[in-house]
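Chemist: Mind folding the following:
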Amino acid sequence: MRPKSKQSRGSDPESSTRTYIAARESLFSPGAAKSADAVRRQKNRTEDLRTPYSRDADRIIHTRAYTRYIDKTQVFYLVENDHITHRVIHVQMVSKIARTIGRSLRLNEDLIEAIALGHDIGHIPYGHFGETCLSRICEQNGIGKFFHNVQSVQFLDQIEACDLTMQVLDGILCHNGEADDIRIEPEPCPDWAAFDEKVRIHAAGRRSSAPMTLEGCVVKFADTIAYIGRDLQDARDVGLVNDITPVPEECTRILGSTNREIINTLIYDLLQHSDSDGAGYISYSQDVEQALINLRTFSRMYIYENPKLTAERDKIERMFRMLFDRYLDDLLDRNTSSRIFTEFIATDWISKKYVESASPAELVRDFIAGMTDRYFAKQFEECVIPRRVVGRFS
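Modeler: Predicted coordinates:
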């Protein structure tokens, strides 16, 4: 028997998929973001089998910036241990935790996934300390402070020009989970002019603001849930936290003592105290939030600012300064053999509009911000260690 023709098999795949998506989204909570609400800068693109937010997640995964997650450390830079968390693992955990919360609250998991996958793309070598180093240098060169959440938007919206939806970019911009937020309600962002102003305000130094969607609020909370217990687990594994420095009892009593217990407690508390049907907000209980604040204070003292971890910071800051000055000189001297030309500016994956509009200092900032820890160290060695010739000159 001959196979039926495509026309005789019923409705076309795109039509069937759109019908299925509409039926699925009809089950969302009233506060969930719908596919029909997605807004892009470029209006001449057509959607396909994917929802707009699923398409954004795919676009993020295929960027060069996403690929470089693999060798960016989370907290424990300069520690060789295969079992500690790198940035790529943290991003996957944020995505999983946020989608678990979103599913229970009947929110848009496609939007949550896209925000989660892109939220830390702006992180640079050597974690938050590297961010501090680069920020000082940027200010001295007249281009303002450096913030990884703003840089994430810069990579996806300007440098690689992914044409992501405003809802995804906004969630990425507002993801910072360091603020002591007990309850977050979405703040509307009416158009691209308002979003661009929001980016400018963050770049000027605003540390935190509410996302425009409940999905963005969920990722903001999931960011903290993903790292707070995992950092404690990693700190124990590398010997920074032990029985001599026990976690405060008021934290373990409420949150638990292991990463698994902490994640479980925080997720269940959010689900019990959030509202996606009525007023629309994501919230912890006051007791859990206070315990979380206390645990963050403990982690800051015994993990993030531990002298064993911070001992090499002076060297790292000098590395940032030397590389920044080197690449800035190469740009000003038009040294087209420099890495900043051959591996950044002259590549075919970077927006030409971005290259033409960025200042030399901004180009250097973005080149360094995109480096992995290993590549950063290799470029420093290339700058300071003389090249040896083996056998004869080629």
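Chemist: Mind jotting down where the strands sit in the stretch 101-250 of the chain?
Modeler: 183-184 (DSSP state E, counting those that start in this stretch).
Chemist: low pLDDT regions in it?
Modeler: Residues of the stretch 101-250 of the chain that meet the criterion pLDDT under 70 lie in 177-181.
Chemist: mind listing what's buried in stretch 384-392?
Modeler: Within stretch 384-392, no residue counts as buried by 16 or more other C-beta atoms under 10 Å. The way it works is simple: take the backbone N, C-alpha and C, and place the C-beta from them, glycine included.
Chemist: Return that stretch as CSV; C-alpha atoms alone will do.
Modeler: Output in CSV follows, covering the C-alpha atoms of stretch 384-392 (Å, rounded to 0.1, in the frame of the first residue of the first chain):
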residue,chain,number,x,y,z
VAL,A,384,53.8,38.4,30.0
ILE,A,385,55.8,35.2,29.2
PRO,A,386,58.2,35.4,26.3
ARG,A,387,57.4,33.0,23.4
ARG,A,388,60.0,30.3,23.0
VAL,A,389,61.1,29.0,19.6
VAL,A,390,61.6,25.2,19.4
GLY,A,391,64.3,24.2,17.0
ARG,A,392,64.2,27.0,14.4
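Chemist: which residues are contacting it?
Modeler: Stretch 384-392 is contacted from outside by residue 322, using C-beta atoms under 8 Å, 6 or more residues apart in numbering.
Chemist: Number of residues surrounding the closest residue to residue 52 other than its chain neighbours?
Modeler: In space, and not counting its chain neighbours, residue 52 is closest to residue 38: 3.6 Å by C-beta to C-beta, 6 or more residues apart in numbering. Neighbours of residue 38 under the rule other C-beta atoms under 10 Å: 21.
Chemist: isn't residue 38 right next to residue 54, touching?
Modeler: No - counting by C-beta atoms under 8 Å, residue 54 is not a contact partner of residue 38; they are 10.4 Å apart.
Chemist: what do these two both touch?
Modeler: Joint contacts of residue 38 and residue 54 (C-beta under 8 Å, 6+ apart) do not exist.
Chemist: check contacts around the residue nearest to residue 52.
Modeler: 51-53, 165-167 are the contacts of residue 38 under C-beta under 8 Å, 6+ apart.
Chemist: Mind putting the residues you listed into CSV with distance to residue 213 and neighbour count?
Modeler: Converted to CSV, the contacts of residue 38 look like this (distance: C-beta to C-beta, whole Å; neighbours: other C-beta atoms under 10 Å):
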residue, distance to residue 213, neighbour count
51, 14, 24
52, 13, 23
53, 10, 27
165, 10, 23
166, 10, 23
167, 5, 27
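Chemist: Select, from those residues, the two members most distant in space.
Modeler: 51 and 166 (15.0 Å; C-beta to C-beta).
Chemist: rewinding a little: distance to residue 283 added to the contacts of residue 38, as a markdown table?
Modeler: As requested, those are arranged in a markdown table below (distance: C-beta to C-beta, whole Å):
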| residue | distance to residue 283 |
| --- | --- |
| 51 | 27 |
| 52 | 28 |
| 53 | 24 |
| 165 | 26 |
| 166 | 25 |
| 167 | 21 |
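Chemist: number of nearby residues for residue 341?
Modeler: Neighbours of residue 341 (other C-beta under 10 Å): 18.
Chemist: give me every residue that touches it.
Modeler: Per C-beta under 8 Å, 6+ apart, neighbours of residue 341: 330, 335.
Chemist: Would you verify that it is located in a helix?
Modeler: Yes - assigned with DSSP: H, G, I helix; E, B strand; the rest coil, residue 341 falls within a helix.
Chemist: Correct me if wrong: residue 199 contacts residue 152.
Modeler: No - under the criterion of C-beta under 8 Å, residue 199 is not in contact with residue 152, lying 10.6 Å apart.
Chemist: Give me the common contacts of these two.
Modeler: With C-beta under 8 Å, 6+ apart, residue 199 and residue 152 have common neighbours residue 173.
Chemist: more neighbours, the two?
Modeler: Neighbour totals were compared for residue 199 and residue 152, and residue 152 leads with 23 against 18 (other C-beta under 10 Å).
Chemist: for the closest residue to that one other than its chain neighbours, what are its contacts?
Modeler: In this structure, residue 152 finds its nearest non-sequential neighbour in residue 122, 3.4 Å apart by C-beta to C-beta, 6+ apart. Residue 122 makes contact with 147-155, 369, according to C-beta under 8 Å, 6+ apart.
Chemist: could you redo the last one with a cut-off of 10 Å?
Modeler: Going by C-beta atoms under 10 Å, 6 or more residues apart in numbering, residue 122 touches 65, 131, 146-156, 172-173, 366, 369-370.
Chemist: same question, residue 303
Modeler: 75-76, 231-232, 234-236, 238, 240-241, 245, 309.
Chemist: And the buried ones among these, selectable in PyMOL?
Modeler: Here is the PyMOL command that selects the buried residues among the contacts of residue 303 (16+ other C-beta under 10 Å):
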select buried, resi 75+76+231+232+234+235+236+238+240+241+309
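Chemist: Alright, that wraps it up for me.
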